[in-house]
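Q: Test case, fold it:
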Amino acid sequence: MSDRGLPRLHTTTVGEDGNPVVFLHGLFGQGRNWTTIARALAEDHHVLLPDLPDHGRSEWSDRLGYPAMAEAVAATLEADRPGTAWSVVGHSMGGKVAMALALRRPDLVARLVVVDIAPVVYDGISNFGDYVRAMRAVPLDRLQQRGEAEAVLEPLVPDPVIRGFLLQNLRRESGPNGVRWRWQHNLALLGDRLTDLWQWPDALAHAAPYPGPVLWVAGAESDYVRPAYAEAMRALFPAVRTVTVKHAGHWVHSEQPAVFTGIVRQFLETPASPTAASAT
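A: This next block holds a predicted model:
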């Protein structure tokens, strides 16, 4: 823990010069999930890829909620470049962290990209409960190889891409007592408090609006961004511009990386205006 009692976040830096951009991953993800897009921007941006609290190589905590995660990100940004306002990009859970950061610390956020998530309470939309049950079913004490874990996951996680995404968190470690396997993220906390992540805190729902430019990127085949959510989004982010990416679901940036990178680059270079668009 830091001197402020916040979990220290593991970060990867891609590109040293240019305007600073931070990318925030979703639930069970890691900062490295953004590596391809970060490299595409690195020539003229300083890109920071943190693992959020209780994920990847960052420290674990006993608090789970968007204000707490936003506070940890704020401390990381201030340590990396003091007195600097950042472009902040966040997907899913990371998108809610990004919105919380912009509302609580607008001085740190020059502009905001929110990817396939809204500032609302979600109910019954996600398969993440199945993912938690599948990961908890893996017999870590008897595991011999990664393929055995994948076989356990398959009944509840039939999509091989998502299985691979989850299995990036499975670590094989050697020690004095032999080899052991463990989940790198804090599965106990994240699993027990999963429903907390579908919430949107009242304190944030009634916060003063963030005045800066906001890009709201939605996957055309995703259910996470709906017309009914636009009012809540515009109430908190009045300078929002919406882009819908065709042939993309919830994981917009991995399903359409070239399109997504182009959209983000254009937004980082041009002030956004509150209009709607569609990208192919």
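Q: got a list of contacts for the helix or strand containing V132?
A: In this structure, V132 sits in helix 128-137 according to DSSP states H and E. Here helix 128-137 makes contact (C-beta atoms under 8 Å, 6 or more residues apart in numbering) with 27-28, 152-153, 155-157, 162, 166, 169, 183, 187, 190-191, 194. Yep, even glycine has a C-beta here, placed from its N, CA and C like the rest.
Q: can we see that at 7 Å?
A: Around helix 128-137, the neighbours that count as contacts under C-beta atoms under 7 Å, 6 or more residues apart in numbering are L27, F28, V152, L153, L156, V157, L166, W183, L187, G191, L194.
Q: tell me the SS of the third one?
A: Using DSSP: H, G, I helix; E, B strand; the rest coil, the secondary structure recorded for V152 is helix.
Q: which non-adjacent residue is nearest it?
A: Residue nearest to V152 in three dimensions, not counting chain neighbours: V138, with 4.9 Å by C-beta to C-beta, 6 or more residues apart in numbering.
Q: do L156 as well
A: Spatial nearest neighbour of L156, chain neighbours left out: A134 (3.9 Å); criterion: C-beta to C-beta, 6+ apart.
Q: Report the distance from whichever strand or helix holds P67 to the chain centre.
A: Using DSSP H and E, P67 sits within helix 66-80. Relative to its chain's centre, helix 66-80 lies at 13 Å (C-alpha atoms, centre = their mean, to the nearest Å).
Q: quick one on the thing from earlier: filter the contacts of helix 128-137 down to the ones in strands?
A: W183 (DSSP state E).
Q: Output the contacts of helix 128-137 in JSON lines; the columns should cover pLDDT and neighbour count.
A: Listed next are the contacts of helix 128-137 as JSON lines, based on pLDDT from 0 to 100; neighbours: other C-beta atoms under 10 Å:
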{"residue": "L27", "pLDDT": "97", "neighbour count": "20"}
{"residue": "F28", "pLDDT": "97", "neighbour count": "24"}
{"residue": "V152", "pLDDT": "97", "neighbour count": "17"}
{"residue": "L153", "pLDDT": "97", "neighbour count": "24"}
{"residue": "L156", "pLDDT": "93", "neighbour count": "16"}
{"residue": "V157", "pLDDT": "96", "neighbour count": "22"}
{"residue": "L166", "pLDDT": "97", "neighbour count": "21"}
{"residue": "W183", "pLDDT": "97", "neighbour count": "20"}
{"residue": "L187", "pLDDT": "97", "neighbour count": "17"}
{"residue": "G191", "pLDDT": "94", "neighbour count": "17"}
{"residue": "L194", "pLDDT": "92", "neighbour count": "16"}
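Q: what's the closest of the contacts of helix 128-137 to A248?
A: Ranked by distance to A248 (C-beta to C-beta), the contacts of helix 128-137 are led by L27 at 18.3 Å.
Q: ok now do that closest one, which residues does it touch?
A: Listed by C-beta under 7 Å, 6+ apart, the contact partners of L27 are S92, M93, F128, L197.
Q: V120 too?
A: W200, Y229, A232.
Q: 10 Å instead, please
A: Residues near V120 by C-beta atoms under 10 Å, 6 or more residues apart in numbering: 96, 198-200, 205, 224-226, 228-229, 231-233.
Q: Assign a three-state SS to it, would you?
A: Quick answer, by three-state DSSP: V120 is coil.
Q: for it, phi and psi?
A: Phi and psi for V120, reported as degrees, to the nearest 10, are phi -140, psi 170.
Q: quick one: it and L112, what's the gap?
A: Distance, V120 to L112, using C-beta to C-beta, to the nearest Å: 17 Å.
Q: again, but for A220
A: Using C-beta to C-beta, A220 is found at 21 Å from L112.
Q: Looking at those two, which one has more neighbours?
A: Ranked by neighbour count (other C-beta atoms under 10 Å), A220 and L112 place L112 first, with 28 against 16.
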